[in-house]
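# Mind folding the following:
(one chain, ligands or ions: 1)
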Amino acid sequence: MYYNEETVVFLDGNFLKIKDAHVGLYNQTMHYGNGVFEGIRSYDTPDGTRVFKAKEHFDRLHYSAKMMHIELPYTSEELERLTYQVLEKNNLKDAYIRPLVYLGENMSLTPTKEVHVLIAAWSWGKYLGDNMLNVMLSSYQRPNPRACHVEAKVVGHYTNSILATSEAKAKGFDEALLTDMNGYIAEGPGANFFFEKDGKLTTAPLGNILAGITRSTVFELAKELKLEVEERFFKPEEVLNADAAFFCGTAAEVVGIKKMDAYNFPLKWEESNSYLIQRAYKRRVSTNEYKEVYF
Ligand code: PMP
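Residues are numbered from 1 along each chain as shown. Below you'll find the model as predicted:
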């Protein structure tokens, strides 16, 4: 699904076929989860293939690496250039791109100087599908920001996401929604969350969530559409009184939520402001309306 014999990845300075790419089994990322990554999308636009907000994603990769004491040996510009090459070598236009920074072999609890950089890409539909979602209020909370850097996209943080997703799926839901350590709604396992009440959009503030690049795109779109949007803490009870809700993230894009637990969001999706955001997001990414590229 992610690759075949022809697939080419960038690994440590070379473009390689997957079968020629090898990893050390004692690498620290595999044993302890100390590695950082990104999830990026490219779109086939009228201007050609364009990586959406590449700079923001690679700057976040740098931030994540820095927080984990990992020295990333490429600039954001270089990583963007390499990404376009990976896309070209694999004939990909609409693609999901996965840069992964993993470490050398070390069984002690200190990062290694040896740093590996992988850039892979594949075709991937919307992560949570196209249909409205049934969401479960998770029994898991997002990691405590005093235990780890929640705004860094660290490999090991995703064990929390896997637990929450597994719980939700086992109970027949499509996706989980997690609270923070204080019981306020934080985000999904791999996407940020917004709800709509009387036309106004509300989302959790930064601090206990990943600072989503799609989330900030939603702010931009809301401003252009003259929609009110607010960042503040809110409890699950408030969501159970909302008109509509959605998740947003690079992989999921903007996806509407039909139900949270037994509560049906009453507003018809096509009549919600959330829907306007969904439509505007699709347009933004696929028309290259957002033109900030390095080169
Ligand atoms: N929260 C979490 C936990 C995520 O994994 C993601 C996906 N990177 C997001 C939010 C959304 O972030 P972005 O819009 O930058 O993809």
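
# Residues in contact with stretch 11-26: which ones?
Residues outside stretch 11-26 that contact it (CB atoms under 8 Å, 6 or more residues apart in numbering): 3, 5-10, 30, 85-86, 89, 102, 104-107, 116-119. The C-beta positions use only the backbone N, C-alpha and C, and glycine is treated the same way.

# same thing but 6 Å
Under the contact criterion CB atoms under 6 Å, 6 or more residues apart in numbering, stretch 11-26 has outside partners Y3, T7, V8, K89, E105, H116, L118.

# For it, list the C-alpha coordinates in PDB.
Taking only C-alpha atoms (Å, rounded to 0.1, in the frame of the first residue of the first chain), the coordinates of stretch 11-26 have been written out as PDB:
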ATOM      1  CA  LEU A  11      17.500   8.400   2.900                       C
ATOM      2  CA  ASP A  12      20.600  10.100   4.300                       C
ATOM      3  CA  GLY A  13      21.700  11.900   1.200                       C
ATOM      4  CA  ASN A  14      20.600   9.300  -1.400                       C
ATOM      5  CA  PHE A  15      17.600   8.400  -3.400                       C
ATOM      6  CA  LEU A  16      17.100   4.700  -3.000                       C
ATOM      7  CA  LYS A  17      14.700   1.900  -3.900                       C
ATOM      8  CA  ILE A  18      13.100   0.600  -0.700                       C
ATOM      9  CA  LYS A  19      14.900  -2.700  -0.900                       C
ATOM     10  CA  ASP A  20      18.200  -0.900  -0.800                       C
ATOM     11  CA  ALA A  21      17.300   1.000   2.300                       C
ATOM     12  CA  HIS A  22      18.500  -0.500   5.600                       C
ATOM     13  CA  VAL A  23      18.000   0.500   9.200                       C
ATOM     14  CA  GLY A  24      20.000  -0.500  12.300                       C
ATOM     15  CA  LEU A  25      17.900  -2.700  14.600                       C
ATOM     16  CA  TYR A  26      19.400  -1.000  17.600                       C
END
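
# buried set for it?
For stretch 11-26, the neighbour count (16 or more other CB atoms under 10 Å) marks L11, L16, A21 as buried.

# for it, the distance to its chain's centre please.
Stretch 11-26 has its average C-alpha position 24 Å from the chain's average C-alpha position, going by CA atoms, centre = their mean, to the nearest Å.

# Mind checking the pLDDT average for that stretch?
Across stretch 11-26, the average pLDDT comes to 96.

# Can you tell me which residues in this structure are near the ligand?
The chain has residues G39, E187, G190, A191, N192, L210, G212, I213, T214, R215, G249, T250 near the ligand, with proximity defined as CB under 6 Å from any ligand atom.

# coming back round to it: can you redo the buried residues of stretch 11-26 as a markdown table, where the extra columns are distance to N131 and secondary structure?
As requested, the buried residues of stretch 11-26 are arranged in a markdown table below (distance: CB to CB, whole Å; DSSP: H, G, I helix; E, B strand; the rest coil):
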| residue | distance to N131 | secondary structure |
| --- | --- | --- |
| L11 | 36 | strand |
| L16 | 37 | strand |
| A21 | 36 | coil |
